[in-house]
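# Got a predicted model here, sequence first, then my questions.
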Amino acid sequence: MEEEQREIRTDICSSGKEKPKSDQLEFGRIFTDHMFLMDYSNEEGWHDPRIVPYEPLNVDPSAMVFHYGQSVFEGMKAYLTPEREAQLFRPQRNFSRMNHSNNRLCIPPIDETFALKALKQLITLDKDWIPEAEGTSLYIRPFIISTEAFLGVAPSGHYKFIIILSPVGAYYKEGINPIKIAVEHDYVRTVKGGTGEAKTGGNYAASLKAQEMAEEGIAQVLWLDGVERKYIEEVGSMNVFFKIGGKVVTPALNGSILEGVTRNSVIELLKYWNVPVEERKLSMEEVIKAHQDGKLEEAFGAGTAAVISPIGELVRGEKHLEINESKTGPIAKRLYDTLTGIQYGKLEDPFDWVEKV
Ligand code: COI
């Protein structure tokens, strides 16, 4: 049967869970009434797609994911428009990136068109969970885990593809105010040839130690390349951009940086506005020099969860680099307003990025 026409069995419930007040939302602590699930076995391929009440999974303690971490995930959001319609932002890119991660982690590919159909069906069912306050949205977490009960190190023969939904507010407690980032010099997140450009849990587990050791008030750490420890890579929860002498510069994709959907959207918007933008190697030394010369105009991160997050201060050992007097710069503000304007259906979408649910 054509994948797209496959029926999705739906078991509707109302959990009676109270919906959170939308102006008090944190990131990722509350989940909606339903989730999407689909199983894979080497014999049957992906099968039994279903929407069921949100509940704990029944997974064997020897399931391979618990031991060898063979898993991938994605992050996207659904937004409520002023007409109270639900819409997504470039969801095809997330499912395509998921298949890219799947390939790196030896997980069988999903049908991207079918995954989008399943996601829309799930959101339609839980639409009342999309929060309304400004800056809030319904965060979408699709993920795949390896579930074969086996302790040998090999690709699993069984998987679960799951989508859960969470009404969220800002990712950083600073909201859209500038955050403080520490440049990491002891640990590395990943190296070229590793799993850095795949969205897999292990990359995030590897990042925790540096985050834990960073000083009080640091929102995230900035990773440098794992070989020379010289070139800027990403922040882990977002890609980074620096405005230096009138040009916006972001590290070029090199195999160890995640290809962010927001990163790509920022680059497209800057080109559309004729703002010079460069994807290239960018060393920490260049950033420090630009700061000394008064040419470091702005810095910001870009990601689905983080949206556009201005960076007000870079900390490297004893050195503190204040950027744009720790204020949100004009490019970060314009990008934030335009991206969220398109995402929430308040601005025209000249790129056809928005997908109605
Ligand atoms: C996202 O921006 O969706 C991410 O996946 C980052 C995250 C680890 C919260």
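Cool, got the structure. Numbers count the residues shown, from 1 in each chain.

# low-confidence ranges in this protein?
Along the chain, the parts satisfying pLDDT under 70 run over 1-5.

# which parts of it sit against the ligand?
Counting by CB under 6 Å from any ligand atom, the residues of the chain lying close to the ligand are 75, 237, 303-305. Bear in mind the C-beta positions are built from the backbone N, C-alpha and C, glycine included.

# just curious, which of those residues is nearest to the ligand?
Nearest to the ligand out of the residues of the chain next to the ligand is Gly75 (CB to the nearest ligand atom; 2.0 Å).

# and that closest one, what is it in contact with?
94, 139-141, 199, 303-305 (CB atoms under 8 Å, 6 or more residues apart in numbering).

# Could you dump the residues of the chain next to the ligand into TSV with secondary structure added?
TSV is the format used below for the residues of the chain next to the ligand (DSSP: H, G, I helix; E, B strand; the rest coil):
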residue	secondary structure
Gly75	coil
Ser237	coil
Gly303	strand
Thr304	coil
Ala305	coil
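
# Can you say which of the residues you listed are buried?
Among the residues of the chain next to the ligand, those classed as buried by neighbour count (16 or more other CB atoms under 10 Å) are 75, 237, 303-305.

# Among these, which one sits closest to Ile163?
Nearest to Ile163, judged by CB to CB, of these is Gly75 at 11.3 Å.

# quick one: the closest one from Asp48, how far?
Noted for Gly75: a distance of 25 Å to Asp48, by CB to CB, to the nearest Å.

# How about Ser96?
Going from Ser96 to Asp48 by CB to CB gives 24 Å.

# cool, and Leu80?
Leu80 is 31 Å from Asp48, by CB to CB.

# My guess is Tyr336 contacts Pro178. True?
No: taking contacts as CB atoms under 8 Å, Tyr336 lies outside contact range of Pro178: 11.9 Å.

# Common neighbours of the two, please.
What both Tyr336 and Pro178 touch, as defined by CB under 8 Å, 6+ apart, is the set Thr328.

# So between these two, which is more surrounded?
Set Tyr336 next to Pro178 and count neighbours by other CB atoms under 10 Å: Pro178 wins out with 25 against 19.

# nearest residue to that one other than its sequence neighbours?
Leaving aside its chain neighbours, Pro178 sits nearest to Gly312 (2.8 Å; criterion: CB to CB, 6 or more residues apart in numbering).

# Surely the one you found is within a strand?
Yes: counting by three-state DSSP, Gly312 is part of a strand.

# Is there a neighbour count for it? I'd like the number.
Neighbours of Gly312 using other CB under 10 Å come to 24.

# cool, and the one 4 residues further on?
For Arg316, the neighbour count with other CB under 10 Å is 16.

# Start at 46, not 1
With the count now opening at 46, the last piece we talked about shows up as Arg361.

# So it sits against Ile226, correct?
No: Arg361 is beyond contact range of Ile226, at 9.8 Å (criterion: CB under 8 Å).

# tell me the contacts of Thr77?
By CB under 8 Å, 6+ apart, the contact list for Thr77 reads 99, 171, 174, 183, 209-212.

# Quick one, which of those are buried?
For the contacts of Thr77, a burial check counting by 16+ other CB under 10 Å picks out 99, 171, 174, 183, 209-212.

# Need the nearest residue in space to Ile152, chain neighbours excluded.
Distances taken as CB to CB, 6+ apart put Ile189 closest to Ile152, at 5.6 Å, once the chain neighbours are dropped.

# Then Glu157?
In this structure, Glu157 finds its nearest non-sequential neighbour in Phe140, 4.0 Å apart by CB to CB, 6+ apart.

# Quick check: buried residues in the helix or strand hosting Leu380?
With elements taken from DSSP states H and E, the one containing Leu380 is helix 375-388. In terms of neighbour count (16+ other CB under 10 Å), helix 375-388 has its buried residues at 376-378, 380-381, 383-385, 387-388.

# How about stretch 104-122?
Neighbour-count burial for stretch 104-122 [16+ other CB under 10 Å]: 108-110, 113, 115-122.

# ok, so of those, who is nearest Leu161?
So of those, ranked by how close each gets to Leu161 (CB to CB), first place is Met121, at 10.4 Å.

# residues contacting the closest one?
Counted by CB under 8 Å, 6+ apart, Met121 has contacts 133-136, 139, 184-185, 187, 306, 349.

# residue boundaries of the helices in the chain?
Assigned by DSSP state H, the helices in the chain fall at 109-113, 136-149, 157-170, 246-258, 306-317, 329-337, 375-388.

# ok and the fifth one relative to helix 136-149, angle-wise?
Looking back up the chat, that one is helix 306-317. Here the directions of helix 306-317 and helix 136-149 differ by 130 degrees (axes from the mean of the first three to the mean of the last three CA atoms, to 10 degrees).

# first to last residue in stretch 112-121, what's the distance?
One end of stretch 112-121 to the other measures 27 Å (CA to CA, to the nearest Å).

# roughly how far is that stretch from the heart of the chain?
For stretch 112-121, the separation from the chain centroid amounts to 12 Å (computed by CA atoms, centre = their mean, to the nearest Å).

# hang on, the earlier thing: closest to Gly202 among the contacts of Gly120?
Nearest to Gly202 among the contacts of Gly120, counting by CB to CB, is Lys244 at 22.4 Å.

# was I right about that closest one contacting Ile302?
No: the pair Lys244 / Ile302 is not scored as a contact, 11.7 Å apart, by CB under 8 Å.

# Can you tell me the closest non-neighbouring residue to Asp93?
Spatially, and ignoring its direct neighbours in sequence, Asp93 is nearest to Asp84 (5.2 Å; CB to CB, 6+ apart).
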